[in-house]
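Visitor: With the sequence up front, the predicted model follows.
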Amino acid sequence: MYLQSLTVLKEKLGNAEQYPFSLPLLQNMSTVHFTGNVTFFVGENGSGKSTLLEAIAYQCGFNTAGGGRNNAHYVESSEASLGDYVRLSWMPKVTAGFFLRAESFYAFATHIDQIEGTDSYGGRSLHSQSHGESFLRLFQHRFKSKGIYLLDEPEAALSPSRQLSLLRIIKDLSAHAQFIIATHSPILMGYPDAQIINFDSSPIVEIAYEDTDHYQITRRFLENPSRMLKHLFEDE
């Protein structure tokens with residue numbers, strides 16, 4: 001584990017009515033401690049988990065449009081709005097790693113084609129494969145040991161079986177790499193002994209896998225889908 005903690009610089013925060021300072025997570029949050037090599041940020045859309053992950057990427061020197069320290073491409077609205085308002089504590093600090101933004105991955109793949117960098121990704125254009133295949137190609141060829149890897153909703157392009165493949169990649173690297181992952185996937189967050197931080201709580205808190213809404217709702221649906229759908233549609 002390399003990144004030990006993240007501290008919000010509250011003395012620098014701006015108007016609490018303006019984004020990102022209006023995010024509820026900032027109101028009661030000071031320091032987040034990372035306790036293992038695999039951490040998941042979970043919570044509803046708009047809870048701030050992706051915003052905080054972008055801030056970490058910014059402080060790591062990664063391209064917040066997606067990529068590592070040497071990927072200079074731009075995507076509109078990819079600036080880390082909270083990046084200047086957090087401080088990271090390392091032991092030791094690493095500079096290797098990658099920030100995956102699922103929503104801007106197409107632009108990243110185009111950037112790799114433009115700089116003729118496909119050799120680092122298996123020798124094929126990421127655009128020449130399906131979305132899920134290109135994600136796995138990235139994970140398999142770009143992720144190495146002794147780095148920090150920040151993944152924002154990687155399940156967006158992955159089938160359930162390929163989410164399991166990602167878990168295996170994480171397992172193979174986790175002895176010498178650190179992963180922080182914002183996700184809605186109950187498959188991914190089931191990684192053994194992972195730290196799970198719930199952004200739907202104020203302040204944000206660690207939560208057990210079985211206590212997450214993602215696990216409980218998915219379990220109830222799979223146990224009796226007809227009952228859940230009847231309840232969902234009964235007002236129609």
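Guide: On my side now, so go ahead.
Visitor: pLDDT on stretch 214-228, on average?
Guide: Averaging pLDDT along stretch 214-228 yields 95.
Visitor: how near is the residue lying closest to T35 once chain neighbours are set aside to I181?
Guide: Counting by C-beta to C-beta, 6 or more residues apart in numbering, T35 lies nearest to Q195, which is 5.1 Å off, once chain neighbours are set aside. Using the backbone N, CA and C atoms, a C-beta is placed for each residue, glycine as well. Separation of Q195 from I181 (C-beta to C-beta, to the nearest Å): 11 Å.
Visitor: Common neighbours of those two, please.
Guide: Common neighbours of Q195 and I181 (criterion: C-beta atoms under 8 Å, 6 or more residues apart in numbering): V38, T39, F40.
Visitor: check contacts around the first one.
Guide: Right, V38. The contact partners of V38, taken as C-beta under 8 Å, 6+ apart, are I170, S174, Q178, F179, I181, Y191, D193, A194, Q195.
Visitor: and it, bridged to which residues?
Guide: Beta-bridge pairing for V38 (DSSP bridges): F179.
Visitor: so what's M91 up against?
Guide: Each residue near M91 by C-beta under 8 Å, 6+ apart is listed here: Y2, Q4.
Visitor: Roughly how far does the residue nearest to T35 sit from K12?
Guide: Taking C-beta to C-beta, one finds Q195 at 27 Å from K12.
Visitor: neighbour count winner among these two?
Guide: Between Q195 and K12, Q195 has the larger neighbour count (other C-beta atoms under 10 Å), namely 18 against 11.
Visitor: From G46, how far out is the residue nearest to N37 when sequence neighbours are not counted?
Guide: For N37, ignoring the flanking residues on the chain, the nearest one in space by C-beta to C-beta, 6+ apart is S174 at 4.6 Å. To G46, S174 is 30 Å away according to C-beta to C-beta.
Visitor: between the two, who's got more neighbours?
Guide: Between S174 and G46, counted using other C-beta under 10 Å, the more crowded position is S174 (19 against 11).
Visitor: on that earlier part again, what residues are up against the residue nearest to T35?
Guide: For Q195, the contacting residues are F34, T35, G36, V38, T39, F40, E206, by C-beta under 8 Å, 6+ apart.
Visitor: quick one: the lowest-mean-pLDDT helix or strand in the chain to chain centroid distance?
Guide: Within the chain, no helix or strand scores below helix 105-114, which has a mean of 74 by mean pLDDT, DSSP states H and E. With C-alpha atoms, centre = their mean, to the nearest Å as the basis, helix 105-114 stands 19 Å off its chain's centre.
Visitor: tilt between the helix or strand hosting F99 and helix 105-114?
Guide: Per DSSP states H and E, F99 falls inside strand 97-101. Computed with axes from the mean of the first three to the mean of the last three C-alpha atoms, to 10 degrees, the direction of strand 97-101 lies at 130 degrees from that of helix 105-114.
Visitor: in strand 97-101, what's buried?
Guide: Neighbour-count burial for strand 97-101, counted by 16 or more other C-beta atoms under 10 Å, picks out G97, F98, F99, L100, R101.
Visitor: ok, now stretch 88-108?
Guide: In stretch 88-108, the ones that count as buried by 16+ other C-beta under 10 Å are L88, A96, G97, F98, F99, L100, R101, A102, S104, F105, A107, F108.
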